[in-house]
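Peer 1: Sequence and predicted model, in that order:
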Amino acid sequence: MSFERVNTFLQERGMAQRVQEFDVSSATVPLAALALGVEESRIAKTLSFRGMQAPAILVVTAGDARIDNAKFKSAFNMKAKMLTSSEVREYTGHEVGGVCPFDVKPGIHIYLDESLKRFDAVYPACGSANSAVALHPDELQILSAGEWVDMCKTTP
């Protein structure tokens, strides 16, 4: 199962004490914020898009951020097209609701949106629809090997 793989990945990097599993779903930004008791903007949601050179592109954004289609097209020279649930599972190794930028299948490109940098802690999923891990954005970058991008707009 994906959670066990991600949990092992995080344990090996000294982050085991920060992983949380819930008795309730955290599959959406509002549900994750409720389970954690934090504002929705602190949820680090991982969005899965079709790639050109890679099978998929993962963009991790703040919970209140939305992909700016013009910025996406400018950065990747293609329109933003999200993967289907079966493609998400096939390309990333994670189920929808638990997609995270850790322990993904080879060839997946990971990008972290600048919207995350305004927080001292953000909460990405851990490979299941009822888990999260508390990380500083710099730790998220190191653990995911993601590249920082300016890809989103935040809602007022």
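Peer 2: Looks like it came in fine. This is a predicted model, so every value here is computed, not measured.

Peer 1: Phi first, then psi, for residue 54.
Peer 2: Main-chain dihedrals, residue 54, degrees, to the nearest 10: phi -120, psi 160.

Peer 1: If we ignore the residues flanking it in sequence, what's nearest it?
Peer 2: Closest residue in space to residue 54, ignoring its immediate chain neighbours: residue 109 at 4.7 Å, by C-beta to C-beta, 6 or more residues apart in numbering. Bear in mind the C-beta positions are built from the backbone N, C-alpha and C, glycine included.

Peer 1: and the next element down the chain from the longest helix that the chain contains?
Peer 2: Longest helix in the chain, counting residues (DSSP state H): helix 2-11. Downstream of helix 2-11, the first helix or strand assigned by DSSP states H and E is strand 19-21.

Peer 1: which strands and helices sit next to the helix or strand that comes right after that next one?
Peer 2: Next along the chain after strand 19-21, taking DSSP H and E as the criterion, comes helix 29-36. Contact analysis of helix 29-36 by 3 or more C-beta pairs under 8 Å, 6 or more residues apart in numbering; DSSP states H and E lists strand 43-50, strand 131-133 as its packing neighbours.

Peer 1: Export those as a markdown table, with columns for mean pLDDT and mean neighbour count.
Peer 2: Formatted as a markdown table, the helices and strands packed on helix 29-36 follow (pLDDT from 0 to 100; neighbours: other C-beta atoms under 10 Å):
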| stretch | mean pLDDT | mean neighbour count |
| --- | --- | --- |
| strand 43-50 | 96 | 23 |
| strand 131-133 | 97 | 25 |
